[in-house]
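Student: Build the 3D model from these lines:
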Amino acid sequence: MSHNIDVLDQNGILESEKLLLQGSGQYTIKTAAAAAAAATKDIDNQLILTETYKMPITIVFWDISGFSKLARTFYELDQEQIVLEFLEKYYRIARQVITKNNGVWDKAIGDGIMSWFGSFDNGHNKQETADEGALDAINAAIELRNSFKLLKEELKNEWSSRRISLQENQPNNLEKNFGFDTTQQILGKKKSFTNEQNNPSSIDFDLKCGINTGAARVCLIYNQFTAVGTNVNIASRLQEFAKIDQIVISCSTERKIREKHFMLRKININSSNSIKSFEDIDCCYEII
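Tutor: This next block holds a predicted model:
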């Protein structure tokens with residue numbers, strides 16, 4: 001399997017499996033820790049750009065729509081831990097899905113995730129093509145969308161149970177947390193628990209996904225391996241363009257998986273719904 005490092009320590013590198021990249025027609029095996037250690041030796045607080053590889057890959061961005069409102073609501077209820085637990089499960093499931101489908105975890109950006117697929121050894125001494133990378137990316141997106149729906153229901157069920165417990169023990173909790181027992185403040189806090197506008201279970205949040213296939217530069221920049229370039233930016237913009245629960249792919253990705261019998265819906269793009277910075281893109285596709 002191909003994996004990527006998340007964070008490299010200035011004084012040492014977090015343990016990582018080998019990252020296998022295709023360069024000059026042959027596979028070059030670089031141990032993430034060794035490459036980063038060599039690059040960062042005697043250098044601090046500088047942009048570090050090491051050997052780069054230009055390769056055809058499929059880039060995927062995920063983002064949770066409505067998450068900011070959800071997080072703010074839990075914050076106002078003094079229940080931020082629920083959000084942290086949810087994110088930990090989300091990241092763990094996403095990493096498992098990406099790895100299972102021969103992908104590389106690039107980074108987490110708040111509640112968003114970037115990953116890429118293709119041009120790697122798949123763990124079975126078999127060179128993966130750009131077409132296979134696109135297929136793996138689609139499969140990963142569908143699998144994570146299904147898993148996210150289950151995780152979303154789990155969060156809502158957990159909050160419903162915890163909400164009842166909080167309401168029952170609220171006066172004691174307030175006295176313990178704030179050191180006073182003012183009737184008006186207790187009533188005000190209790191009202192926030194019972195008000196549906198402040199109920200996280202009533203907030204709709206879903207996973208959005210954007211996917212693009214094309215050549216990108218894979219390299220080590222300062223403290224992590226990452227992919228950069230126009231095709232990476234297109235994938236990011238497609239994720240922003242996607243609506244609730246949508247997996248949106250570019251035309252280049254659609255060509256790679258056209259014969260794989262996925263259910264697709266063509267989305268025509270015009271001046272009223274253009275993709276920021278890529279106004280020349282006239283269509284994309286949704287995975288149904």
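Student: make it CA atoms for all contacts and neighbour counts henceforth
Tutor: Will do.
Student: ok, and the closest non-adjacent residue to residue 229?
Tutor: If you skip the residues right next to it in sequence, residue 229 has residue 216 as its closest partner in space, 5.3 Å away by CA to CA, 6 or more residues apart in numbering.
Student: okay, the one you found: pLDDT?
Tutor: On the pLDDT scale, residue 216 is placed at 95.
Student: Helices of the protein, start to end?
Tutor: If DSSP state H is used as the criterion, the helices of the chain fall at 32-40, 67-76, 80-100, 130-168, 170-178, 183-194, 230-241, 251-256.
Student: so what's residue 248 up against?
Tutor: When contacts are counted by CA atoms under 8 Å, 6 or more residues apart in numbering, residue 248 is found next to 209, 210, 211, 238, 239, 242, 284, 285, 286, 287.
Student: do residue 151 as well
Tutor: When contacts are counted by CA under 8 Å, 6+ apart, residue 151 touches 86, 90.
Student: same thing but at 10 Å, please
Tutor: In this structure, residue 151 makes contact with 86, 89, 90, 93, 145, 157, judged by CA atoms under 10 Å, 6 or more residues apart in numbering.
Student: From residue 117, how far off is the third one?
Tutor: Translated: residue 90. 20 Å (CA to CA, to the nearest Å).
Student: Looking at the two, which one has more neighbours?
Tutor: Using other CA atoms under 10 Å as the criterion, residue 90 and residue 117 rank with residue 117 on top: 31 against 18.
Student: Deepest-packed of the helices of the chain, please.
Tutor: Taking mean count of other CA atoms under 10 Å as the contact definition, the stretch among these with the greatest mean neighbour count is helix 230-241, which reaches a mean of 22.
Student: Show residues contacting it.
Tutor: With contact meaning CA under 10 Å, 6+ apart, helix 230-241 is reached by 56-63, 65, 112, 114-116, 207-217, 246-250, 273-278, 281, 284-285.
Student: do that again at 7 Å, thanks
Tutor: 59-62, 208-216, 248, 275-276 (CA atoms under 7 Å, 6 or more residues apart in numbering).
Student: that older thread, make a markdown table out of the contacts of residue 248 and add pLDDT and distance to residue 225.
Tutor: Compiled in a markdown table, the contacts of residue 248 are given as follows (pLDDT from 0 to 100; distance: CA to CA, whole Å):
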| residue | pLDDT | distance to residue 225 |
| --- | --- | --- |
| 209 | 98 | 22 |
| 210 | 98 | 21 |
| 211 | 98 | 19 |
| 238 | 97 | 22 |
| 239 | 97 | 21 |
| 242 | 96 | 26 |
| 284 | 98 | 28 |
| 285 | 98 | 29 |
| 286 | 98 | 29 |
| 287 | 97 | 29 |
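Student: where's the nearest residue to residue 143 once chain neighbours are set aside relative to residue 144, distance?
Tutor: Once flanking residues are discounted, residue 143 sits nearest to residue 97: 7.0 Å by CA to CA, 6+ apart. From residue 97 over to residue 144 the distance is 7 Å, taken as CA to CA.
Student: Residue 231 too?
Tutor: Distance of residue 231 to residue 144, given as CA to CA: 22 Å.
Student: Check residue 78 too.
Tutor: As it turns out, when the distance is counted by CA to CA, residue 78 lies 29 Å from residue 144.
Student: what does residue 262 give?
Tutor: In this structure, residue 262 and residue 144 are 16 Å apart, going by CA to CA.
Student: now residue 247
Tutor: 11 Å.
Student: likewise residue 153?
Tutor: Plainly put, residue 153 is 14 Å away from residue 144 if you go by CA to CA.
Student: What of residue 248?
Tutor: Spatial separation of residue 248 from residue 144 under the definition CA to CA is 14 Å.
Student: Same question for residue 105.
Tutor: Between residue 105 and residue 144 the distance is 13 Å, computed by CA to CA.
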